[in-house]
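Peer 1: could you look at this predicted model? Sequence included:
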Amino acid sequence: MQLFPCPFCGPRAENEFHFGGDLGNVRPEGGASVSDATWSAYLHMRRNPKGPAREVWMHLTCGEIFALERDTVTHAVLGSHGFGEGSAS
Amino acid sequence: MTSFRLDGLGRIDRSRPLAFTFDGRKVTGFAGDTVATALLASGVSIVGRSFKYHRARGVWGLGSEEPNAIVDIRGSRIVTNARATLEDAADGLAVRSVNASPNAEHDRGRFIDLFHRFMPSGFYYKTFMLPTWHLYEPGVRAMAGFGRVDPAIGEPGRADQVNAACDLLVVGGGPAGVFAALAAAEAGRSVILCDEGNEFGGSLLHRAATIDGLPGEAAVEAALGRMADLGVTLLTRTTAFGVYDHGLVALSQRGTSGIDRLWRVRPKHLILATGAIERPLPFANNDLPGIRSAEAALAHLRRWGIAPGRRIVVATNNGLAHEAASAFVAVGLDVVLVDARDRVTAAKGVRTLAGRRIVAAKGRKAVTEVVLDDGARLPADAVLVSGGFSPTLQLYAQARGKPVWDDRRLAFLPGAPVEGISVVGAAAGHFDLAEVLASTRDALLKLGIAPARRPEIGPPLAAPYEIVDAFPKPGMAGRVWIDLQHDVTAKDVEVAAREAYVSVEHLKRYTTLGMATDQGRTSNLPALALMAAITGRSIPATGTTTYRPPFAPVPLASFAGLRSGPLMNPPRRLVLENQHRAAGAQFREYGGWLRPAWYGDEAEAAAVRREARQARRTAALFDGSPLGKIEVIGPQAAEFLDFVYYNTMSTLKPGRCRYGFVLAESGVVLDDGVLVRIDETRFVVSCSSSHVAAIRGVLEEWRQDRFDRARLFVHDATAAFATLTVSGPLSKRLLVAAGLEVDLDDRALPHMAWSAGRFEGTAMRVTRVSFTGDRSYEITLPVDRAPALWARLVEAGRPLDAVPIGIEALMVLRAEKGYVVVGKDTDGLTLPMDLGMTAPLAKKPGEFIGKRSLLSDEARRPDRKQFVGLEVTDGGPPLAPGAHGVETVAGKKRSLGYVTSSAFSPTLGRPIALGLIERGGARHGETIEVQHLGKIRRARIAAPCAFDPQGGRLDADA
């Protein structure tokens, strides 16, 4: 049972969280001009790093999405931070 | 009769005798005995029959490493496959041996051992194969195994679960653990100390030692007294079984009064003082009853006053077993010490044979004699063996520690330190008491705890360890047992090597050694050493298998805690549940909610038909409270909802509602529902009851990721409001009769609009939206007013013959109208165009979730499965949901899609169905074959809406 640090609520059990994909997987804009390959990569491809990973998670209890950096091998949590104006940190 | 109790020795309480039965025979003992020690004291030699060959087996060890004395116990707890060495003896227990019938002494299955040559490891890959293994399997399985689960038991019994945090968790209550915990507590830390046995003290309870002038036992008692005063949590009968992520340690506490307890502990630091386990010695027939661990026998003597026999042979490859030999000489028993080492300092008064090893034991149901390597024969009714000690490192390894081979101590020791964990005492390879306490002191200093004073240890009494190699070697004669619990011999390891299963992982799985409930505690290293010798590798090069939790068996009830029966997966309950029960509702779980499926005592089919028929004749009352009510608020709300929905929503006027889809980014329909616009900056997303959490997640995700969170807010108000639905041609009359304060005029409140109203002073919203296809009103108001409103509606409906309807009837009504249920009529690939909704893709200008996916080749394939109605043309019953539409092409049958919803329509007097069929939209009128469980039927593809396609009934007002 890992402990993740929600920037708003503090360290909480992992089952209070929902994984939201890689950090930096920006939605391609441009409608029809976005190629199949680009859109498909956005939908389906993950970096899956062995080691430090930067991910987006949502803390379901408070609804806050945030960035979490953690090590996929050791499960060590390296840090977390919220996004933008009006976010927790 | 070999083992017996000596007078005046041991820590048992002779003033409290007890009696229990073993295999139906009465056994006596005293308070403080374990089941195993009581059996030994009563001279019970055979405590079980082995897993495969049904060989007679006796007690081997001291604690959880015990491979032979596995028993089923019925007392205040029912435990299957318990270790008799850990379970307290108690008055009135019924203890049974395992894998033996009628009892361990006279097991019917013992003849199997005569055929052992045909049943080596892996025999089932080579024999019992023709005509099919399944012919033999039930018989083979019946003959092998351990305990018996009694199907009559029923509920497994509850267990407690406790979460705890502390500064220091100390696992293991021997000298290292006890004095570590004491020092930490004296330094002001919060401490939990646990031990798997029923007493703290470990080796200090059976090995002579002096600490600060006190005998070891007394020093332990004094330490425990101090710790109790300092508030240390002292847990006996508690096994730490797993180290998990981020420092979570799980403990399983065996309850003394029938209720076990699972502890989830987050210590700031973990000290592993888990000790070391004695290994057996390899020789032919080394599994005979009467052959046991020398350390265990010493403990049996000092803690429980038990002598293992009268003519004792102690065989060893190290100095630690000498104390056992001396101890038995001191109580007047006949002892010969056989030491494999050439230069041995013999203990006083002990007849010692140096440089010798046992090569075989003789005896039928118990050992009677041993044969040495020089041919000498020694009579023996007890053989106490010590092959050296293996530090117990499972928890360290679970925490990703890497044990490292030590050539001097011939064992794996802890390697590089793991953050947050210290390994001390025998677990770190220290077998001398002074070294043990020094290692504890060092570990504590690293934590900033400087013990006030160094305890003074009396002169070392134990002979130095100085172990020599006595691991099994290739080519040993006779049946040399390696894994007692799974009946694996040295020859089986040799077979595995011959068949190229030389990797330690293959060896384990091919021979099954190390896979029993003792997880190879006494067998892993000897097996590894033998494989290393066979393959000419070093032991560290051969490697070890991976240790995973649990370290020892944990009852399933402990993991369940209170989560069984109705608490297993508790559904959410309606505020009106009592009212529904009073009206005779039959409940089922839908989307995580407990809801009325139908009302009344009739059989389901009849009740559903009656409700559906009546709903279209007069009026129906339905509790739709689980329907989502997620408020979207703020200046950016309209723009936001245009992005979230497939449909254009910003053009929706205040006071109106619109049906729409929310897609996933893959274009797949995630949910459908109605969006209500309250005013310029306020909307209510009325999503499906089962999708509320998911839709709220989607809304929050995009709100935070793409919009201005200061100008847009999402609030899930689903649980705060009830939604009561009144539907049918008499619905308006019912509401008028109910006397609610709301303007029900159709000009003020047309279909797909809402009006504000009041019920006894409480604000309510009345929305005209329909899931039945008839005129329908949904009344939304705070939950605490729902019972009163429901009562008012029921009352108003009585003269009109209105009827409450459950989910099943509602589902029939909506199916008659072809209204889609996402997740039932759609699957993980269904796009909005497949459901017939194409306009937004063509006309909506801006971005929305999933838009790009709708432009892909896949989305534009002409042969996509499309949502259709299916009419039964053979006069038969309703089609089976999941039945496939089929066609035969070039002699091969292929699926065209499948039936998604099916019911008998009381309104139409015939079966109706909905489905997803290839090119369905262009095939209305065509008849296809529909196959289910091998039977073929015929159905005609039609529009999904089978009743009132013009929709006139939405306004019909009788």
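Peer 2: Sure thing, it's come through.
Peer 1: quick one, strands of the stretch 501-650 of chain B?
Peer 2: For the stretch 501-650 of chain B, the strands defined by DSSP state E, counting those that start in this stretch cover B:572-573, B:585-590, B:593-599, B:620-623, B:630-633.
Peer 1: in the stretch 851-958 of chain B, which spans are strands?
Peer 2: B:865-872, B:884-889, B:892-905, B:910-918, B:927-932, B:935-942.
Peer 1: what parts of the stretch 551-700 of chain B come near chain A?
Peer 2: B:665-666, B:693, B:696-697, B:700 (CB under 8 Å from any CB of the partner chain). The way it works is simple: take the backbone N, C-alpha and C, and place the C-beta from them, glycine included.
Peer 1: so which residue is smack in the middle of chain A?
Peer 2: For chain A, the residue nearest the mean C-alpha position is residue A:56 (0.9 Å; CA atoms, centre = their mean).
Peer 1: report the distance from the helix or strand where residue B:697 lies to the chain centre.
Peer 2: Under the criterion of DSSP states H and E, residue B:697 resides in helix B:692-706. Its chain's C-alpha centre and that of helix B:692-706 lie 31 Å apart, by CA atoms, centre = their mean, to the nearest Å.
Peer 1: do stretch B:724-744 as well
Peer 2: For stretch B:724-744, the distance to the chain centre is 51 Å (CA atoms, centre = their mean).
Peer 1: report the rounded mean pLDDT for it.
Peer 2: Confidence over stretch B:724-744 (mean pLDDT, whole number) is 97.
Peer 1: cool, and stretch B:567-577?
Peer 2: 93.
Peer 1: and it, what's buried?
Peer 2: B:574-576 (16 or more other CB atoms under 10 Å in any protein chain shown).
Peer 1: same question for stretch B:732-751.
Peer 2: B:732-735, B:737-738, B:740, B:742, B:744, B:749.
Peer 1: biggest separation within the residues you listed, which pair?
Peer 2: The most widely separated members of those, counting by CB to CB, are B:737 and B:749 (16.5 Å).
Peer 1: what residue in chain B is the furthest from its centre?
Peer 2: residue B:747 (59.3 Å).
Peer 1: residue B:428 and residue B:391 touch, don't they?
Peer 2: Yes: using CB atoms under 8 Å, residue B:428 makes contact with residue B:391 at a distance of 6.7 Å.
Peer 1: common neighbours of these two, please.
Peer 2: B:413-414 (CB atoms under 8 Å, 6 or more residues apart in numbering or on different chains).
Peer 1: show me which residues of chain B sit near chain A.
Peer 2: Residues of chain B lying near chain A (CB under 8 Å from any CB): B:244-246, B:248, B:264, B:400, B:665-666, B:693, B:696-697, B:700-701, B:704-706, B:708-710, B:714, B:847, B:851-853, B:855-857.
Peer 1: now, of those residues, which are buried?
Peer 2: The buried subset of these - by 16+ other CB under 10 Å - is B:244, B:246, B:248, B:264, B:665-666, B:696-697, B:700-701, B:704, B:706, B:708-709, B:714, B:851-853, B:855.
Peer 1: doesn't residue A:39 fall inside a helix?
Peer 2: Yes: counting by DSSP: H, G, I helix; E, B strand; the rest coil, residue A:39 is part of a helix.
Peer 1: related to what we said a few turns ago, quick one: list the elements packing against the helix holding residue B:697.
Peer 2: With contacts taken as 3 or more CB pairs under 8 Å, 6 or more residues apart in numbering or on different chains; DSSP states H and E, helix B:692-706 sits against strand A:52-59, strand A:64-71, strand B:630-633, helix B:637-644, strand B:669-679, strand B:682-687, strand B:713-716.
Peer 1: gap between the two ends of stretch B:288-296?
Peer 2: One end of stretch B:288-296 sits 16 Å from the other (CA to CA, to the nearest Å).
Peer 1: whoops, I mixed them up, stretch B:5-18
Peer 2: Using CA to CA, the two ends of stretch B:5-18 sit 15 Å apart.
Peer 1: mind listing what's buried in that stretch?
Peer 2: B:5, B:10, B:12, B:18.
Peer 1: same deal with stretch B:774-792?
Peer 2: Buried residues in stretch B:774-792 (16+ other CB under 10 Å): B:774-781, B:785-786, B:789-790, B:792.
Peer 1: out of these, which is nearest to residue B:884?
Peer 2: residue B:774 (32.9 Å).
Peer 1: report pLDDT for that closest one.
Peer 2: 97.
Peer 1: same thing with residue B:155?
Peer 2: Reported pLDDT for residue B:155: 67.
Peer 1: for the strands of the stretch 501-650 of chain B, which one ends up most surrounded?
Peer 2: Using mean count of other CB atoms under 10 Å in any protein chain shown, the stretch among those with the largest mean neighbour count is strand B:620-623, at a mean of 25.
Peer 1: relative to it, what are the paired strands and their orientations?
Peer 2: Strands that pair with strand B:620-623, judged by DSSP bridges, come out as strand B:721-727 (antiparallel), strand B:803-804 (parallel).
Peer 1: now those strands in JSON lines, with mean neighbour count?
Peer 2: Formatted as JSON lines, those follow (neighbours: other CB atoms under 10 Å in any protein chain shown):
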{"stretch": "strand B:721-727", "mean neighbour count": "24"}
{"stretch": "strand B:803-804", "mean neighbour count": "24"}
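Peer 1: so where's the chain shaky on pLDDT?
Peer 2: Using chain A here. Counting by pLDDT under 70, chain A contains low-confidence residues at A:84-89.
Peer 1: nope, chain B
Peer 2: Residues of chain B that meet the cut-off, pLDDT under 70, sit at B:1, B:154-156.
Peer 1: report the secondary structure state of the residue farthest from the centre of chain B.
Peer 2: Per three-state DSSP, residue B:747 ends up coil.
Peer 1: state the distance from it to residue B:753.
Peer 2: 10 Å (CB to CB, to the nearest Å).
Peer 1: list the residues that contact the residue nearest the centre of chain B.
Peer 2: In chain B, the residue lying closest to the centroid (CA atoms, centre = their mean) is residue B:559, at 6.3 Å. Counting by CB under 8 Å, 6+ apart, residue B:559 touches residue B:262.
Peer 1: would you mark the buried spots in stretch B:901-915?
Peer 2: B:901-907, B:911-915.
Peer 1: dump those into TSV; add distance to residue B:644 as well.
Peer 2: Output for these, formatted as TSV (distance: CB to CB, whole Å):
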residue	distance to residue B:644
B:901	27
B:902	32
B:903	32
B:904	38
B:905	35
B:906	38
B:907	35
B:911	37
B:912	33
B:913	32
B:914	27
B:915	29
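Peer 1: need phi/psi at residue B:287.
Peer 2: Main-chain dihedrals, residue B:287, degrees, to the nearest 10: phi -110, psi 0.
Peer 1: near it, how many other residues are there?
Peer 2: Residue B:287 has 25 neighbours, counted by other CB atoms under 10 Å in any protein chain shown.
Peer 1: can you give me the distance of it to residue B:176?
Peer 2: Residue B:287 sits at a distance of 32 Å from residue B:176 (criterion: CB to CB).
Peer 1: what do you get for residue B:726?
Peer 2: 74 Å.
Peer 1: and if you look at residue B:424?
Peer 2: Residue B:424 is 5 Å from residue B:176, by CB to CB.
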